[in-house]
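**Q** Take this sequence and fold it.
(one chain, ligands or ions: 1)
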Amino acid sequence: MDPGVGNIRQEKSKQPYAYQKRLPLGLEFLTGLLALECVSSSIDQKCKGLQIMMQIESNQRPLPKTIILDFSDPFSTEVKPRVLLMGLRRSGKSSIQKVVFHKMSPNETLFLESTNKICREDVSNSSFVNFQIWDFPGQIDFFDPTFDYEMIFRGTGALIFVIDSQDDYMEALARLHLTVTRAYKVNTDINFEVFIHKVDGLSDDHKIETQRDIHQRANDDLADAGLEKIHLSFYLTSIYDHSIFEAFSKVVQKLIPQLPTLENLLNIFISNSGIEKAFLFDVVSKIYIATDSTPVDMQTYELCCDMIDVVIDISCIYGLKEDGAGTPYDKESTAIIKLNNTTVLYLKEVTKFLALVCFVREESFERKGLIDYNFHCFRKAIHEVFEVRMKVVKSRKVQNRLQKKKGATPNGTPRVLL
Ligand SMILES: Nc1nc2c(ncn2[C@@H]2O[C@H](COP(=O)(O)OP(=O)(O)OP(=O)(O)O)[C@@H](O)[C@H]2O)c(=O)[nH]1
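**A** Next up is the predicted model:
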């Protein structure tokens, strides 16, 4: 890192809060936002969000038929990439969604009924991450000619294919191949993510062997079809530990255009504050949307996740008013947990949905004033990143509304009223 860049640097001198040059935040943000806008507009062209889906049960056909009506707002400028959850029946798709986004306990998923229609959920209402998650029924024949897979894949940011590792996975691999090749034909920008799921039932050796085998076979199938250029990412997951949150974090991070800016800010923050590791968490889902560039150690991540649970639980019990008013997570939210191995976990509110959780050595934590001052700069920077984004989105909306009044679509073609 450029030694001249930094708000307050931690010096070994007697003056711990030695003030140095301020961070050139404006420049950092500008770079990030230019990239963001570029990505947004390209996705925008593709994302004409679906608004209504109808399920019709037909007597002649054993399977429910899905008709998708596109009542998308042609003036909508909000970018909400889709994350699709696909895979064979009972592979664990709904369980993943419920555990990650609805805080369902893993044992409760035993009672989940089979999904018989596409369940679409807007994750952005309750959390920082801004996407729609679509849970597909395992039995759906999405290559049915009436099923508009082209339109579905066109607005898709990530396709998560779930494989039950405790089951015979040959059929799942064939289905994976079919799904990926179809989707790639429609949209080459989709991130293909393969969750080798339910690994809690496998020994460590068996996990590695299964991952190697699935990786090899899936890539061989693509190579045989002349599609080596399709990249599949593999994750070993289970709802019974933190692996599902970690995998989802990585999937979601690929969809956040501001990621390089966030990582850069975290790197600057930790190196100037003597912090070992820092995660920027989405509080509701416990997905980490960014971390600094030091490697992620699973145990550290688990401790940070647990800390969020503890803080929210305690806050729900003791933080709310007697009449239940207030919110368990707000601007005042902060927590310090000292562990018995001379490390400290430090949590601070960043935005309504985000928390910074840091792993700090006890001796570095003695300079809490320094950490807090740097955190103040970091928080301000994060707010600036998202304020500018909001302004751009708002001004686009105003522009589009004006165009709408004139009766033209954003690209000038006559508007078709549905
Ligand atoms: N051992 C284990 N079981 C899991 C895991 N995830 C899900 N399950 C179980 O797998 C079963 C099927 O899960 P669902 O989430 O309903 O599967 P689905 O893919 O949504 O099924 P369909 O709706 O039929 O497509 C449930 O009994 C879950 O409890 C996991 O990580 N480990």
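
**Q** Could you tell me the end-to-end distance of stretch 249-260?
**A** 15 Å (CA to CA, to the nearest Å).

**Q** cool, stretch 225-238 as well?
**A** 31 Å.

**Q** If you count neighbours, what's buried in that stretch?
**A** 230, 232-238 (16 or more other CB atoms under 10 Å). Using the backbone N, CA and C atoms, a C-beta is placed for each residue, glycine as well.

**Q** what's the answer for stretch 147-155, then?
**A** So, applying 16+ other CB under 10 Å, buried residues of stretch 147-155: 147-149, 151-155.

**Q** Could I get the average pLDDT for that stretch?
**A** The average pLDDT within stretch 147-155 is 81.

**Q** ditto for stretch 89-97
**A** 93.

**Q** that older thread, which of the buried residues of stretch 225-238 sits closest to the ligand?
**A** residue 238 (3.9 Å; CB to the nearest ligand atom).

**Q** Next, the contact list for that closest one, please.
**A** 197-200, 244 (CB atoms under 8 Å, 6 or more residues apart in numbering).

**Q** ok, stretch 86-105 near the ligand or not?
**A** Yes - applying CB under 6 Å from any ligand atom, one finds stretch 86-105 in contact with the ligand at 87, 89-95.

**Q** which of the buried residues of stretch 225-238 are close to the ligand?
**A** Okay, of those touching the ligand (CB under 6 Å from any ligand atom), that's residue 238.

**Q** which of the buried residues of stretch 225-238 lies closest to residue 112?
**A** Of all these, residue 238 has the smallest distance to residue 112: 15.8 Å, by CB to CB.

**Q** Now do the SS call for the closest one.
**A** Classification of residue 238 by DSSP: H, G, I helix; E, B strand; the rest coil places it in coil.

**Q** roughly how far apart are it and residue 282?
**A** 20 Å (CB to CB, to the nearest Å).

**Q** again with residue 179
**A** 27 Å.

**Q** How about the contacts made by the closest residue to the ligand within the stretch 301-418 of the chain?
**A** In the stretch 301-418 of the chain, the residue that lies nearest the ligand is residue 302 (15.9 Å; CB to the nearest ligand atom). By CB under 8 Å, 6+ apart, the residues touching residue 302 are 241-242.

**Q** Got the phi and psi for it?
**A** phi -60, psi -40 (degrees, to the nearest 10).

**Q** The ligand contacts on the stretch 51-200 of the chain?
**A** Near the ligand, when you scan the stretch 51-200 of the chain using CB under 6 Å from any ligand atom, you find 87, 89-95, 109-110, 112, 114-115, 137-138, 197-198, 200.

**Q** low-confidence ranges in the stretch 251-400 of the chain?
**A** 322, 324-326, 388-400 (pLDDT under 70).

**Q** now the stretch 51-200 of the chain
**A** Where the stretch 51-200 of the chain drops to pLDDT under 70, the residues are 51-80, 124-129, 139-140, 142-143, 146.

**Q** Now it against the ligand: closest residue?
**A** For the stretch 51-200 of the chain, CB to the nearest ligand atom, closest residue to the ligand: residue 138, 2.8 Å.

**Q** how about the helices in the chain?
**A** Using DSSP state H, the helices of the chain run over 25-46, 93-102, 149-154, 170-186, 204-224, 243-253, 259-273, 298-314, 362-365, 368-405.

**Q** Any buried residues in the fifth one, and which?
**A** By 16+ other CB under 10 Å, the buried positions in helix 204-224 come out as 207, 210-211, 214, 217-219, 221-222.

**Q** Is that helix in proximity to the ligand?
**A** No - Helix 204-224 is not in contact with the ligand by CB under 6 Å from any ligand atom; minimum separation 12.4 Å.

**Q** which other helices and strands contact that helix?
**A** Contacts defined by 3 or more CB pairs under 8 Å, 6 or more residues apart in numbering; DSSP states H and E place helix 204-224 against helix 170-186, strand 191-197, strand 232-236.

**Q** which strands and helices sit next to the longest one?
**A** Identification of packing neighbours for helix 170-186 by 3+ CB pairs under 8 Å, 6+ apart yields strand 82-87, helix 149-154, strand 156-164, strand 191-197, helix 204-224.

**Q** and those as TSV, adding distance to residue 102?
**A** Formatted as TSV, those follow (distance: least, CB to CB, whole Å):
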stretch	distance to residue 102
strand 82-87	14
helix 149-154	23
strand 156-164	17
strand 191-197	18
helix 204-224	27
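
**Q** Stretch 280-292: end-to-end distance?
**A** Terminal-residue distance, stretch 280-292 (CA to CA): 9 Å.

**Q** Contacts for that stretch, please.
**A** Stretch 280-292 has contacts (CB under 8 Å, 6+ apart) with 100-101, 123, 126-129, 245, 248-249, 252-253, 256, 259, 262-263, 266-267, 269-270, 277-279, 301, 304-305, 308-309, 312, 329, 350, 353-357, 382.

**Q** buried subset of these?
**A** Here, 16+ other CB under 10 Å leaves 100-101, 123, 127-129, 245, 248-249, 252-253, 256, 259, 262-263, 266-267, 269-270, 277-279, 301, 304-305, 308, 312, 329, 350, 353-357, 382 buried among those.

**Q** Now do the domain split for the protein, please.
**A** Residue ranges for the domains of the chain, per the TED database: 82-255, 258-392.

**Q** The residue of the stretch 301-418 of the chain closest to the ligand and residue 345, how far apart?
**A** 11 Å.

**Q** Please apply the same query to residue 313.
**A** 15 Å.

**Q** Comparing the two, which residue is more hemmed in?
**A** Comparing residue 313 with residue 345 by other CB atoms under 10 Å, the one with more neighbours is residue 345, at 21 against 12.

**Q** Next up, the contacts around that one.
**A** 303-304, 307, 335-337, 339, 357-360.

**Q** Narrow the residues you listed to those in strands?
**A** Among the contacts of residue 345, DSSP state E puts 335-337, 357-360 in strands.
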